[in-house]
Every structure is written in structure tokens, then in C-alpha cells.
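Enquirer: heads up, no residue letters with this:
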């Protein structure tokens with residue numbers, strides 16, 4: 001007699017992880033892979049973070065902490081909002097999490113009931129819809145394109161409401177800068193969406209994990225336009241601390257205690273060593289901004305050279321470190337296209353089906369958070385492949 005597997009676990013894979021596995025197999029077979037598939041900075045954590053970790057290992061027992069996170073780190077986060085955004089965020093609304101991934105799970109569990117519908121732009125980060133699906137919440141994908149800058153708008157939301165008046169939305173997830181397109185919402189755009197949600201009793205959840213990786217203007221936090229928004233951030237991207245699994249949430253008052261209780265039961269506390277070390281990250285902006293300058297150089301290089309390989313239509317990438325390229329002139333199967341590209345050139349990229357199940361077979365995402373030399377070599381390999 002076979003034992004059952006819960007239906008909630010039958011969600012699609014995160015395809016970028018599948019691409020990483022294929023890239024690793026290519027490397028084991030002796031090929032050199034240029035990694036443009038994964039959103040992981042090629043640099044280590046800042047020197048100040050590493051020093052703080054070494055010091056903590058020498059003096060601290062690395063035991064449990066409060067579920068909310070250690071006080072010095074939470075205080076540093078409030079100072080970040082004061083200095084970088086000009087906002088006074090009360091300490092009790094700050095919660096440290098085991099990466100932004102835990103933040104999404106905690107936010108979704110607290111804000112939504114099974115059967116609720118939650119909207120997000122398509123293309124978008126796949127884990128949003130997969131986590132919601134596992135929780136019995138229905139993800140609503142709002143088709144967006146270059147004309148929307150791959151971001152939700154009140155007009156797009158109104159179109160959904162007009163087509164499905166019997167299926168109201170309980171929430172909206174936004175990401176600015178976004179993954180995979182790298183586009184950003186202006187303050188006016190974000191305010192319009194916050195007002196839309198407030199008027200309809202919808203919970204606004206703002207993914208801000210790519211904040212401070214920006215190229216023309218600073219990203220606006222949802223906290224600047226709404227006290228009811230849930231903000232999720234991370235040390236993985238700007239702070240170059242992916243494997244440390246450290247993030248934070250800023251919660252509206254009504255969600256603080258429920259999220260704390262869930263976190264106590266799920267995680268006990270975020271990783272202690274990561275918290276002790278991560279407190280130092282806010283003093284490392286000089287080093288981290290040099291990384292952003294490299295990303296900017298990589299972005300400019302790829303925007304100039306990828307069109308020579310036929311990648312002519314790409315999202316503008318205001319922030320983050322991705323280019324979302326329309327490959328419809330080359331293929332109608334981005335998954336097969338990425339496999340062929342890896343085999344022929346050693347360049348790994350992510351098929352758009354990760355981010356848009358309906359239209360993603362005509363898109364590919366390139367990540368440019370590696371070295372500039374790797375970006376230049378990848379571009380030349382792709383040019384030779386497409387024009388050879």
C-alpha cells in the first residue's frame with residue numbers, strides 16, 4: 001500500500017535551480033560555464049560582515065535569539081529606513097526572518113485565507129505563486145508587457161475585476177525593482193496601487209529585496225505611501241549574503257503579533273550567526289556600492305552587445321541585475337533554447353517559463369551579477385553562436 005503525498009506539495013520546480021543543475025553537469029563534463037542564470041552576486045559577503053562573524057564565533061555561544069531577531073540588528077534596520085528613506089519605522093514593526101523566503105511564507109499565512117485570490121504581475125518571481133498555491137491561496141497572474149513596464153497598474157487590476165466580478169482579490173504583490181524584468185515603480189505608481197488596495201480592502205505586499213541596486217533613480221519603499229503595506233527585504237542581493245539566509249519584514253501593526261507567533265513555531269529564530277554578522281552590513285555601503293557600479297557596467301555592456309546576437313527586445317532594467325529578453329524571433333520554446341545555448345556556448349540563462357507560465361516560452365532571463373569579464377565573454381560567445 002503506497003502512502004499518499006499531500007496535494008499542496010505538487011507545485012512546479014523552480015526552473016532556475018534546474019538550470020543550475022544542468023550547468024553543473026556541463027562543468028563536470030569539462031566545459032566552462034558562464035553563469036548568467038542565477039541571481040547570486042559573485043562576490044562574498046562584505047569584509048565587515050566576515051569580520052563580525054569571526055568575532056561572534058570566538059565570543060558567542062550562537063544560541064537561539066528572540067523570534068523577532070536580535071535588538072542591535074532590528075535597531076540597525078530602523079536606522080537604515082531613517083537614513084536612506086527619511087522614515088521613522090517603529091522598532092516593534094521590524095521582524096528579522098530566515099531570508100526573504102520565510103518572510104513571504106509568514107506574510108501569506110497571516111494575510112490570506114485558503115481560497116483567497118492574490119494578484120501579481122506576470123512575469124514575476126515564481127516562488128510567489130508556488131508558495132500561495134501550496135497554502136491553498138489562488139495566485140492571479142496579471143499579464144503585463146513592455147507597455148506596462150512589466151508592472152501591475154490600476155488599469156490592469158480594473159480589467160481583471162471587470163472580467164471576473166465574482167472573484168475579488170484579497171491582495172496584491174508588487175516588486176520594485178522586479179525579477180525578472182528589473183523595472184521599478186515610481187512613487188506615483190506605488191501610491192496609486194496602495195490607494196487602489198486600500199479602497200478595496202486588499203493587502204499590499206511589497207518585495208523590496210533588490211533595493212539599492214538601482215541605475216537611474218532610487219527605489220521607493222511602500223512604507224513611504226502606506227502604513228498598511230507589508231514590506232519584505234533581504235540581505236541576499238545588495239548585501240551579497242545569499243547563503244546567510246537573512247532577511248527582514250516591516251509589518252503593519254495588526255500583523256505583528258500573529259507573524260511573531262507563526263515564526264516562533266516555524267523557525268524559533270533566524271540564524272543567530274547571520275544576525276550577529278549582518279548587523280555590520282549597514283556599515284559596508286562603500287564596498288557594496290562598488291558592486292553596484294560593476295553591475296551597472298555589466299548592464300551597459302550587455303545592453304550594447306546582446307542585440308548583436310539577436311536579443312533586441314529587452315526590459316529596461318532600472319534596477320536589480322537582470323535582463324528579460326524577448327526571444328520570440330528565435331524560438332517558441334525557451335526551455336529548449338536555454339538547453340541548446342548551454343550546450344553550444346557554455347552560457348547558462350533561465351527560461352522565461354519560470355516567470356510567466358503562459359508567455360514565458362518566448363523569453364529568457366540573463367543575470368549580470370557576475371564579473372564584467374564573464375559578461376563580455378558570454379556576449380561574444382552568444383554573438384558567435386547566433387551569427388556563426
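Expert: Here it is on my side, so go on. Owing to the predicted nature of the structure, the values given are computational and were not obtained by experimental measurement. Residues are numbered from 1 along each chain as shown.
Enquirer: please count neighbours and contacts with C-alpha atoms only from this point.
Expert: Noted.
Enquirer: gap between the residue nearest to residue 279 when sequence neighbours are not counted and residue 225?
Expert: With sequence-adjacent residues excluded and distances taken as Cα to Cα, 6 or more residues apart in numbering, residue 279 is closest to residue 73, at 4.8 Å. From residue 73 over to residue 225 the distance is 24 Å, taken as Cα to Cα, to the nearest Å.
Enquirer: next one: residue 270
Expert: Noted for residue 270: a distance of 29 Å to residue 225, by Cα to Cα.
Enquirer: looking at those two, which is more packed in?
Expert: Set residue 270 next to residue 225 and count neighbours by other Cα atoms under 10 Å: residue 270 wins out with 27 against 17.
Enquirer: so what's the more buried one scoring on pLDDT?
Expert: In this model, residue 270 is scored at 97, pLDDT.
Enquirer: surely it touches residue 70?
Expert: No - contact status for residue 270 versus residue 70: not in contact, 9.1 Å apart, counting by Cα atoms under 8 Å.
Enquirer: quick one: pLDDT of the residue nearest to residue 279?
Expert: Taken from the predicted model, the pLDDT recorded for residue 73 is 98.
Enquirer: that one should be in a helix, yeah?
Expert: Yes - under DSSP: H, G, I helix; E, B strand; the rest coil, residue 73 falls within a helix.
Enquirer: for it, give me its contacts.
Expert: The neighbours of residue 73, taking Cα atoms under 8 Å, 6 or more residues apart in numbering as the test, are 275, 276, 278, 279.
Enquirer: what of residue 301?
Expert: Going by Cα under 8 Å, 6+ apart, residue 301 touches 375, 376.
Enquirer: please identify the buried residues of the helix or strand hosting it?
Expert: Element membership of residue 301 [criterion: DSSP states H and E] is helix 285-305. Residues 288, 291-292, 294-299, 301-303, 305 are the ones in helix 285-305 that count as buried (16 or more other Cα atoms under 10 Å).
Enquirer: kindly report the same for stretch 142-151.
Expert: Within stretch 142-151, the residues that qualify as buried by neighbour count (16+ other Cα under 10 Å) are 142, 143, 144, 149, 150, 151.
Enquirer: and the helices in this protein?
Expert: 15-28, 47-59, 71-80, 99-111, 126-134, 154-163, 187-200, 253-266, 272-278, 285-305, 334-345, 372-387 (DSSP state H).
Enquirer: so for residue 177, which of these sits nearest?
Expert: Distances from residue 177 to each of these were compared by Cα to Cα, and the smallest falls on helix 187-200, at 11.9 Å.
Enquirer: quick one: contacts of that closest one?
Expert: By Cα under 8 Å, 6+ apart, the residues outside helix 187-200 that reach it are 153, 154, 171, 172, 203, 204, 220, 222, 225, 226, 229.
Enquirer: one more: stretch 371-388?
Expert: Applying Cα under 8 Å, 6+ apart, the contact partners of stretch 371-388 are 34, 42, 294, 297-298, 301-302, 305-306, 308-310, 344-345, 347, 368.
Enquirer: what residues of stretch 368-383 count as buried?
Expert: Neighbour-count burial for stretch 368-383, counted by 16+ other Cα under 10 Å, picks out 368-372, 374-375, 378-383.
Enquirer: any idea how far residue 373 is from the residue nearest to residue 279?
Expert: According to Cα to Cα, residue 73 and residue 373 sit 36 Å apart.
Enquirer: just residue 189 next, same as before
Expert: When distance is defined by Cα to Cα, residue 189 is 36 Å away from residue 373.
Enquirer: and if you look at residue 81?
Expert: Applying Cα to Cα, one obtains 35 Å for the distance of residue 81 from residue 373.
Enquirer: do the same with residue 259
Expert: Residue 259 sits 44 Å away from residue 373, going by Cα to Cα.
Enquirer: what's the answer for residue 226, then?
Expert: When distance is defined by Cα to Cα, residue 226 is 42 Å away from residue 373.
Enquirer: other SSEs contacting the lowest-mean-pLDDT helix or strand in the chain?
Expert: Sorting the helices and strands of the chain by mean pLDDT, DSSP states H and E puts helix 15-28 at the bottom, at a mean of 77. If you count contacts as 3 or more Cα pairs under 8 Å, 6 or more residues apart in numbering; DSSP states H and E, helix 15-28 packs onto strand 347-348, strand 350-351.
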